[in-house]
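Got a predicted structure here, sequence first:
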Amino acid sequence: MARIEDLAESFGRHIATPWQRTVAGAQRVIMVIYDKELERTLRARKLAFETAAREAAHEWHEIDLAESFAQWMASDDYREEYFASPEDLQLKLEAEFHGYLADRVRSALGGADVTENTVVALFGVGSLFGLARISQILRMIEGDIKGRLVVFFPGHFERNNYRLLDARDGWNYLAVPITAHNE
């Protein structure tokens, strides 16, 4: 895959097109797909994406999920017990972590400064690997998207399937895929 600059240019072309206001929440999601090895480079150059959105007359709001697991665990009264027996954590992850993540994203999407003209940029989804499925979180929050939700996705998009970190089974989603090769 090409450099981050090419990806930002593809994103800029897409985000500058007029937005349909009557599309479903799932169609308001834009997946910016890049090689997992470029995560740190993308984060260092994320201003290029913000600039592209602002040049297209859209507001920009960011949320980063990279530290979500640590924050979620730190707030749990039984965290020490889970650290002593990590195998017991799986049930809690399945029962509560997706909801916690969805609430964090929903909070950003519902912020007072987020309008139908806002791009909400979601970073850090690679940190969820093995803990939560981004596909499930997107299904939980798609009805809350006012403008556009841009998911920065380290992985691949092939034959209409998204694969996080190139390792998980892919899932089919209605989001608009943006790659460095978009025309």
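Yep, it's here. Numbers count the residues shown, from 1 in each chain.

CA atoms for contacts and neighbours, from now on please.
Fine.

Apart from its neighbours in sequence, what residue is nearest Leu131?
With sequence-adjacent residues excluded and distances taken as CA to CA, 6 or more residues apart in numbering, Leu131 is closest to Leu93, at 6.8 Å.

Is the one you found in contact with Gly130, as I believe?
No. Leu93 lies out of contact with Gly130 (CA atoms under 8 Å); the separation is 10.1 Å.

out of the two, which sits in the busier spot?
Leu93 (16 against 8; other CA atoms under 10 Å).

what about the strands in the chain?
29-34, 59-64, 118-123, 148-158, 161-164, 176-178 (DSSP state E).

The residue positioned nearest the centre of the chain bridge partners, please.
With distances taken as CA atoms, centre = their mean, Val151 lies nearest the centre of the chain, 3.0 Å away. Per DSSP bridges, the residues bridged to Val151 are Met31, Leu122.

Low-confidence regions, this protein specifically.
For the chain, applying pLDDT under 70 flags the ranges 1-2, 168-175, 181-183.

Kindly recompute the last result at 80.
The chain contains residues with pLDDT under 80 at 1-2, 157-183.

count of neighbours near Phe69?
The burial count for Phe69: 17, using other CA under 10 Å.

so how far is Leu128 from it?
8 Å (CA to CA, to the nearest Å).

mind listing what His61 touches?
Residues counted as contacts of His61 (CA atoms under 8 Å, 6 or more residues apart in numbering) are 108, 114, 118-121.

and of those residues, the nearest to Arg43?
Ala121 (11.6 Å; CA to CA).

related to what we said a few turns ago, could you save the strands of the chain as TSV and add columns showing distance to Arg79?
Formatted as TSV, the strands of the chain follow (distance: least, CA to CA, whole Å):
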stretch	distance to Arg79
strand 29-34	33
strand 59-64	22
strand 118-123	25
strand 148-158	29
strand 161-164	27
strand 176-178	38
